[in-house]
Each structure stands twice: as structure tokens, then as C-alpha cells.
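Asks: What shape does this take:
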Amino acid sequence: MTDKPSKWITSLREEIRQECGEGWMVRGIGKGLVQKVQLTVRFEDGVRTSIVLRPKVKSDQNFVPWVGTSARWILKISKDISRIMQSQGKGLAEAYELVKENNESGFNASLEWKQLARTFKSHKTSNGKKGSRVWNRNYRTPIARTLLILTGETSVSNGYSVLKALVEHYGGEPGSTSRRLRVQYAAEFLRFAFKNGANISWLPPENLNTFIGEKATNQSSDCR
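Replies: Numbering: from 1, shown residues only. Next up is the predicted model:
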């Protein structure tokens, strides 16, 4: 008996068909729990062509696995490829190379990061007044500071260096609640960036404790 695909897989495949066409398919390939992402296009004449998205070597830092957290990224990259194939008449592999070039250069530009921040704000405030209040109270300042780092003169090239610069410039006391929240909100924005097409190098580390730090232990001795 064949296991049914997870809900995120079913949803992703349906969204790709709606956005790109009935002949577009995506699946995980390879051995082990961590699989590669394969995108396949079946043309009207029945011919199929496939590519593996991102590096084929799992040890590569830009490797994107076939997991639920990659779904938004897979959908966006598929839509970008489809758009180039239709507008420029490119094949699947050639269109993908153009998309990679655009993404690797585009998300280093301040305009792209600012636009992405606006999209993130719209996403967080989509449920009306409550969302706006939460944004203004929690997200507005950390995201503004993260943008300054991403678009300023500070040399950052990945999620780790962004968070490192954030705590160096605006961190607050190690282990404090304010510092922890700043790091968490900035990391959430970077994950959102990846899901919406940014290079995987911008993903923050899973463990944020390095940036949050620990509270100093007050040690006192009773000298009499």
C-alpha cells in the first residue's frame, strides 16, 4: 500500500499546477530522509524534462531539501522558471540558470530587501488591527534595524552574519528578553526571505542561542 503524500506536498503540487500548468510536477528524489527536489515539466507532445533544484550535493550550504519548510521557496522558484520559459522561450534548464542568476544578484540589492520587508509587513498585518498592533509593538524596530544591516555598508553575505551584526549594533544585554526577541524576529524575516526566493545562505542557524547569549550570573561572597 502506497503512503499518501503529506498535506504540504499535496498543497504544493496543486499550487504549482495552478500557477505553472498541468504538466508541472515536483517530487523528492534520492536515498535517506533528506531528499533532493526534482522539478519536471511534461510538454503537450508528451516529452518530459527534469532538473534538480539547488546543488545536488547535500553537504553544500545552498542545498535545499525536500521538506515542508522549503515549500514556499519551491513554489516561487517554479513560478519564476515558468515565467521565463513563457516570456523568453527558454528550455527548463536554461530558464532555471537565468532564475538563479537573478536571485543571487537581486537579493543583494537594497531595493529588493526593502520590497521584501514590505511584503513581510503585509503578511504579518493581514489580520487587521490586531496584526498592525503586533507589528508596531514587536516587529517594526527589529526589522528596520535588520534592513539597515542588509542595505548598509556593513559587509553581510548570509543569515549568520546578519544576526551577528544585529547583536553587535543593537543587541542589548546577553540573555535578556529584549535581545532574544530582536534575534527571533530578525530570524523570522530571514526565513521569510528564503521562502520567497532569497538564496538559502540567508537562512539563519536553527539554534539562535549563540546570538541571544546568557544572562550574567551574579556571584557574591559573604566576607565577614
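Asks: Tell me the spacing between residue 13 and residue 71.
Replies: According to CB to CB, to the nearest Å, residue 13 and residue 71 sit 10 Å apart. C-betas here are computed from N, CA, C, even on glycine.
Asks: check contacts around the residue nearest to the spatial centre of the chain.
Replies: Centroid-nearest residue in the chain, with CA atoms, centre = their mean: residue 194, separated by 1.5 Å. Residue 194 makes contacts with 73, 200, 202-203, as judged by CB atoms under 8 Å, 6 or more residues apart in numbering.
Asks: ok, which stretches of the chain are helices?
Replies: Secondary structure of the chain (DSSP state H): helices at 7-20, 71-88, 92-106, 110-124, 129-134, 140-151, 159-170, 177-195, 209-212.
Asks: For the ones you listed, give me CSV that also has mean pLDDT and distance to residue 62.
Replies: Conversion of the helices of the chain to CSV gives the following (pLDDT from 0 to 100; distance: least, CB to CB, whole Å):
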stretch, mean pLDDT, distance to residue 62
helix 7-20, 95, 20
helix 71-88, 91, 11
helix 92-106, 80, 10
helix 110-124, 87, 18
helix 129-134, 86, 33
helix 140-151, 93, 18
helix 159-170, 93, 12
helix 177-195, 93, 11
helix 209-212, 94, 21
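Asks: Could you dump the ones you listed into a markdown table with distance to residue 61 added?
Replies: Formatted as a markdown table, those follow (distance: least, CB to CB, whole Å):
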| stretch | distance to residue 61 |
| --- | --- |
| helix 7-20 | 24 |
| helix 71-88 | 15 |
| helix 92-106 | 13 |
| helix 110-124 | 20 |
| helix 129-134 | 33 |
| helix 140-151 | 19 |
| helix 159-170 | 10 |
| helix 177-195 | 13 |
| helix 209-212 | 17 |
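Asks: Show me the one of those that comes nearest residue 59.
Replies: Residue 59 lies closest, by CB to CB, to one member of the helices of the chain: helix 159-170, at 17.2 Å.
Asks: who does the closest one touch, helix- and strand-wise?
Replies: Where contact means 3 or more CB pairs under 8 Å, 6 or more residues apart in numbering; DSSP states H and E, helix 159-170 is packed against helix 140-151, helix 177-195, helix 209-212.
Asks: out of those, nearest to residue 6?
Replies: Here helix 177-195 is closest among the helices and strands packed on helix 159-170 (CB to CB), at 17.1 Å.
Asks: between the closest one and helix 159-170, what angle do the directions make?
Replies: 150 degrees (axes from the mean of the first three to the mean of the last three CA atoms, to 10 degrees).
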